[in-house]
Every structure is written in structure tokens, then in C-alpha cells.
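J.: the sequence isn't on hand, but the structure is:
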Ligand SMILES: Cc1cc2nc3c(=O)[nH]c(=O)nc-3n(C[C@H](O)[C@H](O)[C@H](O)COP(=O)(O)O)c2cc1C
């Protein structure tokens with residue numbers, strides 16, 4: 001993604017896809033800090049912020065990989081973040097999407113990971129795991145600015161907006 005401070009948030013949203021193939025390139029410390037800070041900045045019910053962000057690496061990452069449905073997503077990732085705590089699904093989702101969109105703004109791709117074994121994941125992460133996110137630089141970088149937001153939107157594998165929006169009389 002172009003590092004343009006004036007980048008249109010709608011373009012970032014429309015062009016973001018969940019990606020599972022990551023380059024070996026590490027994520028720079030400042031980029032990692034921004035991703036995590038984007039999570040910190042998420043709104044939550046009554047602003048309770050009932051979450052912690054657990055950065056899982058090394059041997060613990062390998063163990064955690066066995067507790068998700070797609071272990072290879074974690075094993076290949078340059079950064080794995082677990083959102084841990086008592087946050088509601090709604091709040092954890094806001095937090096996760098903030099992190100993933102901030103990452104995308106830095107050219108870093110990501111994917112949420114379904115948890116197959118919540119007890120093992122909780123033991124590794126030190127609390128109830130609300131989301132596990134894998135991040136990395138893309139194997140095949142995407143030319144975000146090469147298409148308009150409307151073009152990215154039209155290409156997305158999503159239900160048509162007309163099926164989703166209702167306006168009761
Ligand atoms: C709660 C949740 C759990 C997910 N679990 C997995 C997973 O275990 N493995 C995986 O590869 N993708 C997982 N995904 C990613 C979805 O497959 C992805 O969001 C969906 O296919 C849309 O992808 P797209 O944005 O690239 O079109 C998960 C997404 C969510 C929201």
C-alpha cells in the first residue's frame with residue numbers, strides 16, 4: 001500500500017483482503033508499535049478496554065499454531081498478536097480490525113485465525129483469547145493505488161449491498 005498520509009480510508013477498507021502468505025521480511029519496530037497502538041485506540045463498551053495484546057513468538061508461536069485451525073498462517077507470520085481478556089466479541093472485533101487496517105496502511109497484510117483449542121490458547125496467552133491475528137509483509141504486494149476504491153469494492157467476494165441494506169417504512 002502506498003504510504004500516503006492522505007490515503008482514503010474507504011480505499012484502505014475496500015482493498016484490504018485477508019492474506020495467509022507472508023514474506024520472511026521482519027516487521028519494523030515502529031510499524032509493529034503502530035499496529036498495536038491502533039488496537040489500543042479502538043473504542044469499547046463504556047471505554048472499559050478489557051483487553052491485552054499478547055505478542056506471541058518463538059516456541060510459544062509454534063505451540064499456539066497447533067491451537068488454531070490453520071497452523072501455517074501463524075508459522076509463516078512475522079507477527080502474531082492475540083487479543084486477550086474479557087472484551088466482548090464486538091469490542092474485540094473493533095480492536096482487531098483497527099490493527100489489521102493500520103497494518104494495511106503500512107503495507108502489512110494480515111488474517112484473523114479461528115481458535116480450535118481455546119483452553120490451550122488461553123494457557124499460552126495467559127487469559128481468554130478473543131482473537132488471534134497473523135501479520136506479515138505480502139509475498140505478492142498489491143498495487144492499491146492501481147484501482148479505485150469502487151473497483152476494489154466491486155471485485156470483493158461479498159454479497160451485493162442491495163441484499164444487505166433495508167429501509168423499513
Ligand atoms: C472470526 C474469524 C475467524 C477466521 N478464521 C480463519 C482461519 O482459521 N483461517 C483462515 O485462513 N482464515 C480465517 N478467517 C478469515 C476469513 O476466511 C476471511 O475473513 C474471509 O474469507 C474473507 O476474506 P477476504 O477479505 O480475503 O475476502 C477468519 C475470519 C474471522 C472473522
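T.: Noted; the coordinates are in hand. Predicted model only: the values in this text are computed from it and were never measured.

J.: checking residue 132 next. Helix, strand or coil?
T.: Secondary structure for residue 132, judged by DSSP: H, G, I helix; E, B strand; the rest coil, is strand.

J.: what segments of this structure are strands?
T.: 52-55, 79-84, 109-113, 129-136 (DSSP state E).

J.: adding mean neighbour count and distance to the ligand as columns, could you present the ones you listed in CSV?
T.: C-beta: built from backbone N, CA, C; applies to glycine. Listed next are the strands of the chain as CSV, based on neighbours: other C-beta atoms under 10 Å; distance: least, C-beta to the nearest ligand atom, whole Å:
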stretch, mean neighbour count, distance to the ligand
strand 52-55, 16, 17
strand 79-84, 25, 11
strand 109-113, 24, 4
strand 129-136, 25, 7
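
J.: in a markdown table, list those strands along with mean pLDDT.
T.: Formatted as a markdown table, the strands of the chain follow (pLDDT from 0 to 100):
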| stretch | mean pLDDT |
| --- | --- |
| strand 52-55 | 98 |
| strand 79-84 | 98 |
| strand 109-113 | 98 |
| strand 129-136 | 98 |
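
J.: of all those, which one comes closest to residue 145?
T.: Among these, the nearest to residue 145 by C-beta to C-beta is strand 109-113 (16.1 Å).

J.: roughly how far is that closest one from the heart of the chain?
T.: 5 Å (C-alpha atoms, centre = their mean, to the nearest Å).

J.: residue 35 contacts residue 109, correct?
T.: No: the pair residue 35 / residue 109 is not scored as a contact, 11.6 Å apart, by C-beta atoms under 8 Å.

J.: what is in contact with the two at once?
T.: The contact sets of residue 35 and residue 109 overlap at 103, 135 (C-beta atoms under 8 Å, 6 or more residues apart in numbering).

J.: please give me every residue in contact with the most centrally placed residue in the chain.
T.: Residue closest to the average C-alpha location in the chain (C-alpha atoms, centre = their mean): residue 100, at 3.4 Å. Going by C-beta under 8 Å, 6+ apart, residue 100 touches 16, 110, 112, 133, 135.

J.: now, which of the residues you listed sits nearest residue 41?
T.: residue 133 (15.5 Å).

J.: isn't that closest one right next to residue 115, touching?
T.: No: applying C-beta under 8 Å, one finds residue 133 not in contact with residue 115, separated by 11.7 Å.

J.: from the ligand, how far off is residue 99?
T.: 13 Å (C-beta to the nearest ligand atom, to the nearest Å).
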